[in-house]
Every structure is written in structure tokens, then in C-alpha cells.
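S.K.: the following block contains a protein sequence and its predicted model.
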Amino acid sequence: MTNRFAAALIAGCLLIPAGRDATAQTPDSAFVMHLPGPAMWTIDDKLPEMAMLISLQGVANKEAPRLYVVYPPDWPFQFSTAVMEYYRDTRNITFETLETKEQALAALARHASGYVVWDKEVRTSLIVAFTVSGLENAIVVSEELIPAAESAGLTPVEDFRGRFRGLSDYEIYSWAFDTYWPRTSKKFAVWMGGVGGNAMQPGVADYGIFQQAFFTDLSADPADSLEFALHGRLLDEMDPSAIIMGWHSYAKDTEGQHVTLISSKGLRMEGLNTLPNASFSFQIPATPGFTFRNNHSVSADTMLTPEAKVYIACIQTDGLGIGAWLKPGRGTIPYAWEVTMNWVWLFPGQMQFFYDQATPNDYFIGALSGPGYMYPKAIPRDKHLGLVREAKDLMEKIDLRVFEIMDYSEGNRYWGNIDLTKEVVDTYYEGMPDAIGFVNGYGPAHTNDLRDGRPLISYDYYLSPTRPEPDAVDDLKELIALNSKRPYFLLMHVRESSDIARVKNILDKLGPEVEVVPLDAFLKMAATNPTFRVHNLSSRTQ
């Protein structure tokens, strides 16, 4: 089957799948399955059945959104129930529950052309089987699930039992590359990483199957020279606007290595491997006439004069889906949220869910470093400005005025250098002329700038979800004492799993000198009275 979702560049180089944005039809009814927890599915327990059901979802949803999956409460993306209820209430979709794999196969196996068998002795064979699933319209099964597939009328299209035993991942993926790569999408590839060993959390597999993507978990660690070279070759052969979905393997390399390699090819990331229901939400449009509107606290041309006090702005990073959106406290204090901007065309109905739920204290910002997750110091210089302009177009679509930058290409919050070069900073100022300001970092960094009343400010504090509240209070009081000049603008990164009630409890203990303000007001005041030092890395040759 050829890929029906070829991309087109429209609306100022915004990547939209041709024929889908305008013609997607919300279904009157769909099936739903509730997958069991705990979320760490293992090969000798729940993984085989869960992989089969997720592959069935990808196959069944190819022509229409037929199957939605509710993931267990401890799944990294915690919104699957809330989004289903939102689709039910706002799109009038009637969901019929399927209780067992037999019911699921009876209802949906007719949309599959067969099954592919993976080998439970070779975990990587499941990743290759997902590639076959998309190309052959087949569900993935381990040996003990063959009778269930055949009872549903399916026949084998491929059998990997015994084929890969004794081979390295490099040898397996080289064979898969030679065998399947020519037929797979060059607009999407899926890194089925995350947890390793005998476990896997293949939440995004349905979308990779839906898009006929190549699946892998090749290493981005240069020390793994063979896998690293094949990884680079695969990226080189992707389309220039391709998106790498999923996540790196925790057993092979680091996030920094993975995103650095992708960025060095001018490509962008959309995580994670646990992203749920993408093949379903891809086909749910925003409601007719809906316009994405952010909760700006000040107009774009406002000038604010700060008082001689401490101003704190909080940003919840790591995206909307795996954060505190559904946890206690949202709306009680001004709070900024990273927006996964490509969702405006990938999952417009799901993006509308967040905009519809936002309180006046919820403020959305663009992320992360480009039109997707990228590291700017690793991006080839001749591609960087164009990518920043693509990100600007996405920001305009969803009414964003602040953009967030992060770079782990030369280190992380524990070691190395996470600051930005002057050339990188220049590119953001040039490519985003309408942004009112920029934020930078993950842990604390030192890059700050101010141009034409538009500041770039790095984080001063990283609030870990495991930091005891009294210790976090002491940390912030020490920072405030060390930065004695007033006003002091303290930008705080809140790691995604900290709920806002906890954050508010910490901030409430800092005293009357401290005011928590909306991020846009924070940047406007910092531009009026910049008590920070302008600093960036020395120029370098890329």
C-alpha cells in the first residue's frame, strides 16, 4: 500500500499532510480498549498481547479512526482517558468498549491482511515486526497468539521465529534496512526506544504502522560505530522535512546523543515512544471555525515597569502530555507550558483539548528549539534560519509569542556547556521578529540577551520533582540572597511530574518580596529594567 499521507508544504512552509487537514471526518462511533497496568510491559507478561492490540489499532485506523486505547494510570502520557472523554463530549463520538483480545480481533481483524510473528527470544524482532505490520497491513503476534489470529481468519505474512538468534542489533537492522527500507515512509521514522531489556512501551507504534514507517532503536553513541553509521545513513535518506518519532533507547545511548545526531541532519524529533493514540487523533480535526487563542496577560507592544522586588516565572517543561496538566493546582498561579507545536497539524483535535481546558493563568509557549525538538548548535548553519522560520509559522498558527530554546549537544545540566553561541542567538532574533522574548535551558544556564525590547533569559533554577519542599524553599531563598540587585528576574524550570499545588506551596514560603507573574509580563518587565548580564558563547565555526 502506498502512503496516502504525503506531506505538502503550505501556509509558509508549515508541514501538513495533504488531503487530511481539510477532509478528516470525525466518526460517529469508535471502539475503545482499556489496556492494563502497570505500564512497564514485559515480554514474559503483558507485552505480547499489548503489542498485538496496538498493531491492530494502527492497521484498523488506516482508513478511519476506529480504535482508541485508554492506557493505565501510570503511563507517561496521562491524558488518554481525558482526551477520549473530550472527543465523546465535544465530537459526539460513541465509544463501544472491547473487553478482550478476542473481542478486538472479532471486531477489527477484517481490516488486517494477516499477521507477522516475532520471536520472544529476540526483542529486536518485535521492532522489525512493527515495520512489517505497517507495510503488509498485518498485526504482530508472538507464538502463543497465533491461534487467536488464525481464529479471526488471519494468515501469516512473515515469521521471524529463529531468524535473528545469535545476530547483533546492527546485523538485524542492516537486514531490515535492505529488505524493507525502500518501501517505508521517508517522512516519518520511529525510534522504538525508551526502556530496554525484557520490557517495551510501544505507545507510538500505532502511528508508525499507520504511516508505514521504518522502526528501529539504533544507537546514536559514536562508540557504537556500526549502529551509529547505520543510524546516520537512515537519517540521510529521510526527506528534508521528515520527523523522527519515538525516543532513544535507554540501553544504548543518551537523549543528548540522539537529538544531536538528528539535529545535525536538519531533522526534528517528536517524542516519545509512549505517545498514545496518534493514529486516531491524527484524524480528529479541530471543530469548524475554531481559532487557537493563548492567554496573553499583556499586549505585544506593552511596556511594563517593574518594582524593586523579586519576580518569578514558572515554566513546566517536557511538553503538555507528560506534565501536570491534569494534576492538582492548575489555574491557581500564573504558569507557562511548553506546547508541542506540530500537534496543530498532527493532532489538531487533541491540541484543541488543551486550549479549551486552559485557565486564564495557563500560558502557552513554543518549544523546543525548532519546528520540533532540536539542538541549535548541532543544526547545520545553512538550515538553521529556515527551521526557525518554520517554527515561527507554527507559533502564529497557535498564537504563541514566547519561544523556548534548549541545547544538550555539548553537555547537559550536570556537565558540559548548555549555553548558546552568538550566531545561534542571532538566528532566533532574525527568524522570529514577532516573538516578545525567548527562554533558554533546562537546568540553569548563562545565556542572556536583550534586543529591541525583546529579552532572552536563561533558567536560574531547576525544580526537580524529587527535591524536598523545604530544600527547594532554601535553594530559592539562597538564589534570591545571592542576586541582591532589584528587580531580580528568576526564571524557574519545573520538571514535568511536579504538580502545581506543590509548586505553589514552595513559592508561598518565599516571603512578601517575591511575586509570581505571568511569563509574558515577566519578559516585558525584564526588558524595561534588565538587571541580568548579556552573555553568550564566543563565536565558533559550525
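M.R.: Perfect, I can see it now.
S.K.: all strands of the stretch 401-542 of the chain, in order?
M.R.: Taking DSSP state E, counting those that start in this stretch as the criterion, the stretch 401-542 of the chain contains strands spanning 402-405, 437-440, 449-451, 454-458, 461-463, 488-494, 514-516.
S.K.: who are the packing partners of the longest one?
M.R.: Using 3 or more C-beta pairs under 8 Å, 6 or more residues apart in numbering; DSSP states H and E as the contact criterion, the secondary-structure elements in contact with strand 488-494 are strand 310-316, strand 454-458, strand 461-463, helix 469-482, helix 519-528. Any C-beta I mention is one placed from the backbone N, CA and C, and that applies to glycine too.
S.K.: counting neighbours, which bits of the fourth one end up buried?
M.R.: Applying a neighbour-count criterion of 16 or more other C-beta atoms under 10 Å, the buried positions in helix 469-482 are 472-473, 475-476, 479-480.
S.K.: pretty sure L261 sits in a helix.
M.R.: Yes: using DSSP: H, G, I helix; E, B strand; the rest coil, the assignment for L261 is a helix.
S.K.: that one contacts A229, correct?
M.R.: No: the criterion here is C-beta atoms under 8 Å, and L261 misses it with A229 at 10.9 Å.
S.K.: looking at these two, which is more packed in?
M.R.: Comparing L261 with A229 by other C-beta atoms under 10 Å, the one with more neighbours is L261, at 25 against 13.
S.K.: could you pull up phi and psi at the residue nearest the centre of the chain?
M.R.: For the chain, the residue nearest the mean C-alpha position is G271 (3.5 Å; C-alpha atoms, centre = their mean). With angles defined as degrees, to the nearest 10, G271 sits at phi -100, psi 170.
S.K.: what's the burial count for the nearest residue to it once chain neighbours are set aside?
M.R.: Leaving aside its chain neighbours, G271 sits nearest to W247 (5.0 Å; criterion: C-beta to C-beta, 6 or more residues apart in numbering). Neighbour count of W247, defined by other C-beta under 10 Å: 27.
S.K.: what do you get for G411?
M.R.: Per other C-beta under 10 Å, the neighbour tally for G411 reads 14.
S.K.: distance check, it against Q257.
M.R.: Using C-beta to C-beta, to the nearest Å, one gets 12 Å for the distance from G411 to Q257.
S.K.: how about K327?
M.R.: From K327 to Q257 the distance is 31 Å (C-beta to C-beta).
S.K.: looking at these two now, which is surrounded by more residues?
M.R.: Shown here are K327 and Q257; by other C-beta under 10 Å, Q257 has more neighbours (21 against 14).
S.K.: surely that one and D221 touch.
M.R.: Yes: using C-beta under 8 Å, Q257 is in contact with D221, at 5.4 Å.
S.K.: before we move on, the earlier item: save the strands of the stretch 401-542 of the chain as a markdown table, and put in mean pLDDT and mean neighbour count too.
M.R.: Formatted as a markdown table, the strands of the stretch 401-542 of the chain follow (pLDDT from 0 to 100; neighbours: other C-beta atoms under 10 Å):
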| stretch | mean pLDDT | mean neighbour count |
| --- | --- | --- |
| strand 402-405 | 98 | 25 |
| strand 437-440 | 98 | 26 |
| strand 449-451 | 98 | 17 |
| strand 454-458 | 98 | 24 |
| strand 461-463 | 97 | 18 |
| strand 488-494 | 98 | 24 |
| strand 514-516 | 98 | 19 |
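S.K.: need those in TSV with distance to T179, can you?
M.R.: Below are these laid out as TSV (distance: least, C-beta to C-beta, whole Å):
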stretch	distance to T179
strand 402-405	40
strand 437-440	43
strand 449-451	50
strand 454-458	47
strand 461-463	45
strand 488-494	44
strand 514-516	56
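S.K.: let's verify F292: helix, strand, or coil?
M.R.: Three-state assignment for F292 (three-state DSSP): coil.
S.K.: measure it to L394 for me?
M.R.: For F292, the distance to L394 equals 11 Å [C-beta to C-beta].
S.K.: one more: P348?
M.R.: 12 Å.
S.K.: same question for A378.
M.R.: Taking C-beta to C-beta, one finds A378 at 20 Å from L394.
S.K.: over to F77?
M.R.: Look at F77 and L394: by C-beta to C-beta, they are 21 Å apart.
S.K.: please apply the same query to M238.
M.R.: 20 Å.
S.K.: if you count surrounding residues, which of these two has more?
M.R.: The neighbour count for M238 versus L394, taken as other C-beta under 10 Å, is higher for L394 (26 against 20).
S.K.: so who does the residue nearest to that one when sequence neighbours are not counted touch?
M.R.: Take L394 and drop its neighbours on the chain: the residue closest to it by C-beta to C-beta, 6+ apart is M341, 4.0 Å away. Residues near M341 by C-beta atoms under 8 Å, 6 or more residues apart in numbering: 366-367, 371-372, 391, 394-395, 397-398, 400.
S.K.: ok, N295 next?
M.R.: 358-364.
S.K.: check the residues you listed for burial and list the buried ones.
M.R.: If you count burial by 16+ other C-beta under 10 Å, the buried members of the contacts of N295 come out as 358, 361-364.
S.K.: pick out the most distant pair among those residues.
M.R.: Greatest spacing in the buried ones among the contacts of N295, by C-beta to C-beta: N361 and F364 (11.7 Å).
S.K.: can you name the farthest residue from the center of the protein?
M.R.: Distance from the centre of the chain peaks at A308, with 38.4 Å (C-alpha atoms, centre = their mean).
S.K.: I figured it hits P487, correct?
M.R.: Yes: counting by C-beta under 8 Å, P487 is a contact partner of A308 at 6.1 Å.
S.K.: show residues contacting stretch 424-431.
M.R.: The contact list for stretch 424-431 (C-beta under 8 Å, 6+ apart) reads 376-377, 384-385, 388-389, 391-392, 403, 405, 407, 435, 438, 447, 449, 451, 454, 456, 536.
S.K.: oh, that last question was meant for stretch 495-508, not what I typed.
M.R.: So stretch 495-508 is contacted by 312, 314, 316-319, 322-324, 327-333, 335, 462-465, 469, 472-473, 476, 494, 514, 516 (C-beta under 8 Å, 6+ apart).
S.K.: and the buried ones among the contacts of N295 as TSV, adding pLDDT, distance to E121 and secondary structure?
M.R.: Formatted as TSV, the buried ones among the contacts of N295 follow (pLDDT from 0 to 100; distance: C-beta to C-beta, whole Å; DSSP: H, G, I helix; E, B strand; the rest coil):
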residue	pLDDT	distance to E121	secondary structure
A358	98	48	coil
N361	98	52	coil
D362	98	48	strand
Y363	98	50	strand
F364	98	46	strand
